[in-house]
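Student: can't give you the sequence, but here's the structure:
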């Protein structure tokens with residue numbers, strides 16, 4: 001079936017794959033590398049593939065090795081090819097368009113000979129406090145700890161020996177795209193997490209680039225920031241094509257032909273906006289995974305700078321306020337895993353999906369304020385909460401009511417706790433939303449996390465059927481947009497071509513949930529002192 005509901009002949013998909021009339025999306029998430037193949041109708045998912053991977057904490061740095069990047073990408077691609085064979089009895093040998101997306105921010109540094117200078121420093125690292133503070137003061141705007149410029153500047157402040165050899169700095173999406181196409185470019189959404197963007201020019205803020213060069217002239221002689229950063233492109237612009245060397249990297253079997261066009265590489269925030277049709281002003285989305293963040297497209301500039309808010313951009317270049325929390329659903333997943341182990345010991349093992357479903361649904365029976373139970377999901381540092389390192393905690397008073405239902409509700413509330421602190425800052429700025437979308441695995445259990453998020457934000461939350469494919473589908477859609485960009489803007493393309501017939505489910509906030517979460521959040525805010533003490537003590 002197509003998005004319009006009309007029957008599709010079984011051979012149509014097979015022919016599209018044979019002819020290369022498809023778009024391939026690849027996304028490097030924090031725990032999974034996903035590949036998604038769509039047809040000429042962007043809502044047709046023809047095949048998917050994935051590979052699980054995990055970051056490492058080495059020498060107090062969160063990192064991934066580049067060897068794992070390529071072995072993981074090849075495994076996810078091979079899994080997609082196998083899925084295409086199962087579904088359509090044909091393996092793709094070429095594509096009409098390809099897009100690469102990845103977790104935003106971080107620091108990948110290379111010298112003039114394209115050799116990596118230091119291990120990849122991901123968004124999860126919070127060691128850039130002095131750099132972010134100095135840049136924020138100099139630029140008169142918030143510079144988050146995880147931004148690429150903060151990592152670069154911290155390396156300069158620390159006198160790291162690799163700084164004089166710098167030739168190119170990029171993000172993970174920019175790196176993979178570069179190796180596949182030879183182009184050192186970045187989509188404007190991902191670029192806005194490297195260095196501030198001037199929305200009027202659609203490029204890095206030239207005044208701030210000059211200010212930065214002046215700031216480091218004595219500490220890093222000869223450094224010219226504009227020479228280190230990738231070229232900025234907007235959605236729909238040509239970003240190169242798959243080279244023969246790139247095809248061999250993606251598919252070592254040799255079956256993949258070079259030549260496919262590429263859209264600009266984007267960050268997971270941008271692809272999440274595309275996957276939820278929230279690129280227009282007064283729309284927003286929440287993406288929940290290893291991290292959790294909200295993206296709100298602005299209709300006007302904010303009155304003040306706030307450390308809780310990042311000013312970034314949609315893939316089309318519109319200004320966005322981003323509330324980014326380093327910690328999302330990982331701690332929840334750890335507790336589900338613990339309960340699953342108990343089920344095995346008790347002689348009644350259950351699958352992961354069944355465990356999530358049972359435990360999340362139990363939260364619906366919990367008290368509106370989680371019975372006085374507090375859950376902190378901070379595995380890593382959390383700037384919004386004022387934490388340099390994470391210490392996941394369960395905290396309760398002697399008279400708190402510790403039941404499974406309250407415990408699980410507290411865990412879900414904890415996923416949204418830091419996010420709610422940041423969203424409160426936006427509300428105080430008078431920012432209004434017409435709709436808020438959500439996507440991520442936590443929303444797969446219908447009617448639970450979606451309902452609690454609506455209560456936490458006191459606004460209706462919509463989950464679209466297509467959002468289940470996530471950012472890999474979102475970047476595939478951006479790749480497909482290459483063929484339509486000359487005729488319509490991205491917002492129109494999404495509204496009329498992609499989401500016109502999409503099935504959505506909207507949940508309005510339940511008044512008791514709103515009131516209960518408000519009580520929880522007051523306790524949560526006060527209890528952060530306990531976690532801060534734990535960081536100091538351990």
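Tutor: Looks like it came in fine. Since the model is a prediction, treat every value here as computed from it, not as a measurement.
Student: show me where the stretch 401-538 of the chain has helices.
Tutor: Using DSSP state H, counting those that start in this stretch, the helices found in the stretch 401-538 of the chain span residues 404-428, 449-457, 470-480, 490-493, 511-537.
Student: of those, flag the one that's most buried.
Tutor: Among the helices of the stretch 401-538 of the chain, helix 470-480 has the highest mean neighbour count (mean count of other CB atoms under 10 Å), at a mean of 31. Bear in mind the C-beta positions are built from the backbone N, C-alpha and C, glycine included.
Student: pLDDT averaged over it - what is it?
Tutor: Averaging pLDDT along helix 470-480 yields 94.
Student: from the contact counts, what lies against it?
Tutor: Applying 3 or more CB pairs under 8 Å, 6 or more residues apart in numbering; DSSP states H and E, one finds that helix 470-480 contacts strand 23-28, strand 32-38, strand 97-102, helix 268-275.
Student: how far does stretch 106-126 sit from its chain's centre?
Tutor: How far stretch 106-126 lies from its chain's middle: 19 Å, per CA atoms, centre = their mean, to the nearest Å.
Student: picking that back up, what's the least confident stretch among the helices and strands packed on helix 470-480?
Tutor: Among those, helix 268-275 scores lowest, at a mean of 91.
Student: so can I have a markdown table of the helices and strands packed on helix 470-480 showing distance to residue 222 and mean neighbour count?
Tutor: Shown next, in a markdown table, are the helices and strands packed on helix 470-480 (distance: least, CB to CB, whole Å; neighbours: other CB atoms under 10 Å):
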| stretch | distance to residue 222 | mean neighbour count |
| --- | --- | --- |
| strand 23-28 | 32 | 30 |
| strand 32-38 | 37 | 25 |
| strand 97-102 | 30 | 30 |
| helix 268-275 | 33 | 32 |
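Student: closest to residue 133 out of the ones you listed?
Tutor: Closest approach to residue 133 among these is made by helix 268-275 (23.4 Å; CB to CB).
Student: in a markdown table: the helices and strands packed on helix 470-480, plus distance to residue 68.
Tutor: Formatted as a markdown table, the helices and strands packed on helix 470-480 follow (distance: least, CB to CB, whole Å):
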| stretch | distance to residue 68 |
| --- | --- |
| strand 23-28 | 10 |
| strand 32-38 | 9 |
| strand 97-102 | 13 |
| helix 268-275 | 18 |
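Student: nearest to residue 318, of the ones you listed?
Tutor: helix 268-275 (9.7 Å).
Student: contacts only, for residue 18.
Tutor: residue 90 (CB atoms under 8 Å, 6 or more residues apart in numbering).
Student: please, where are all the helices along the stretch 201-350 of the chain?
Tutor: Secondary structure of the stretch 201-350 of the chain (DSSP H, counting those that start in this stretch): helices located at 206-215, 225-228, 244-250, 268-275, 330-345.
Student: may I see the buried residues of the shortest one?
Tutor: Burial within helix 225-228, assessed by neighbour count using 16 or more other CB atoms under 10 Å, is assigned to 225, 228.
Student: circling back: how about the helices of the stretch 401-538 of the chain, which one is nearest residue 59?
Tutor: The minimum distance between residue 59 and these falls on helix 511-537, with 19.3 Å, by CB to CB.
Student: give me the helices and strands touching the closest one, please.
Tutor: Other elements packing on helix 511-537 under the criterion 3+ CB pairs under 8 Å, 6+ apart are strand 374-376, strand 393-395, helix 404-428, helix 449-457.
Student: need these in a markdown table (columns: mean pLDDT and distance to residue 47).
Tutor: Output for the helices and strands packed on helix 511-537, formatted as a markdown table (pLDDT from 0 to 100; distance: least, CB to CB, whole Å):
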| stretch | mean pLDDT | distance to residue 47 |
| --- | --- | --- |
| strand 374-376 | 98 | 38 |
| strand 393-395 | 97 | 41 |
| helix 404-428 | 97 | 31 |
| helix 449-457 | 96 | 28 |
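Student: of all the ones you listed, which one is nearest residue 224?
Tutor: helix 404-428 (34.2 Å).
Student: quick one, that closest one and helix 511-537 angle?
Tutor: Orientation of helix 404-428 against helix 511-537 (axes from the mean of the first three to the mean of the last three CA atoms, to 10 degrees) gives an angle of 90 degrees.
Student: next one: helix 404-428 to chain centre, how far?
Tutor: Distance of helix 404-428 from the chain centroid (CA atoms, centre = their mean) equals 19 Å.
Student: save the helices of the stretch 401-538 of the chain as TSV, and put in distance to residue 23 too.
Tutor: Formatted as TSV, these follow (distance: least, CB to CB, whole Å):
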stretch	distance to residue 23
helix 404-428	31
helix 449-457	29
helix 470-480	4
helix 490-493	13
helix 511-537	39
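Student: rewinding a little: rank the helices of the stretch 201-350 of the chain by pLDDT, which is bottom?
Tutor: Taking the mean pLDDT of those, helix 268-275 comes last: a mean of 91.
Student: hmm, who's touching that one?
Tutor: 25, 27, 29, 101-104, 187, 189-190, 193, 279, 285, 287, 293, 295, 297, 312, 314-315, 320, 322, 324, 439, 464, 466-467, 469-475, 477-478, 490, 494.
Student: run the angle between that helix and strand 97-102 for me.
Tutor: Inter-element angle recorded for helix 268-275 and strand 97-102: 130 degrees (by the same axes, to 10 degrees).
Student: what angle sits between helix 268-275 and helix 470-480?
Tutor: 70 degrees.
Student: most neighbours per residue, which of the helices of the stretch 201-350 of the chain?
Tutor: Compared across the helices of the stretch 201-350 of the chain, helix 268-275 shows the largest average neighbour count, a mean of 32 (mean count of other CB under 10 Å).
Student: so how far is that helix off the chain centroid?
Tutor: 7 Å.
Student: repeat for stretch 234-247
Tutor: Mean-position distance between stretch 234-247 and its chain equals 22 Å (CA atoms, centre = their mean).
Student: may I see the buried residues of that stretch?
Tutor: Under 16+ other CB under 10 Å, the buried positions of stretch 234-247 are 234-236, 239-243, 246-247.
Student: possible to save the helices of the stretch 201-350 of the chain as a markdown table with distance to residue 66?
Tutor: Putting these into a markdown table (distance: least, CB to CB, whole Å) gives the following:
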| stretch | distance to residue 66 |
| --- | --- |
| helix 206-215 | 27 |
| helix 225-228 | 19 |
| helix 244-250 | 11 |
| helix 268-275 | 19 |
| helix 330-345 | 23 |
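Student: closest one to residue 512 among those helices?
Tutor: Of the helices of the stretch 201-350 of the chain, the one closest to residue 512 (CB to CB) turns out to be helix 330-345, at 22.1 Å.
Student: ok, now which ones touch residue 24?
Tutor: Per CB under 8 Å, 6+ apart, neighbours of residue 24: 35-37, 80, 92, 95, 97-99, 260, 476, 479.
Student: ok, these vs residue 198, which is closest?
Tutor: Distance to residue 198 across the contacts of residue 24 (CB to CB) is lowest for residue 99, with 24.5 Å.
Student: need the contact list for the closest one.
Tutor: Here residue 99 is in contact with 23-26, 262-266, 475-476, 478-479 (CB under 8 Å, 6+ apart).
Student: got the phi and psi for residue 263?
Tutor: In terms of degrees, to the nearest 10, the main-chain angles of residue 263 are phi -80, psi 170.
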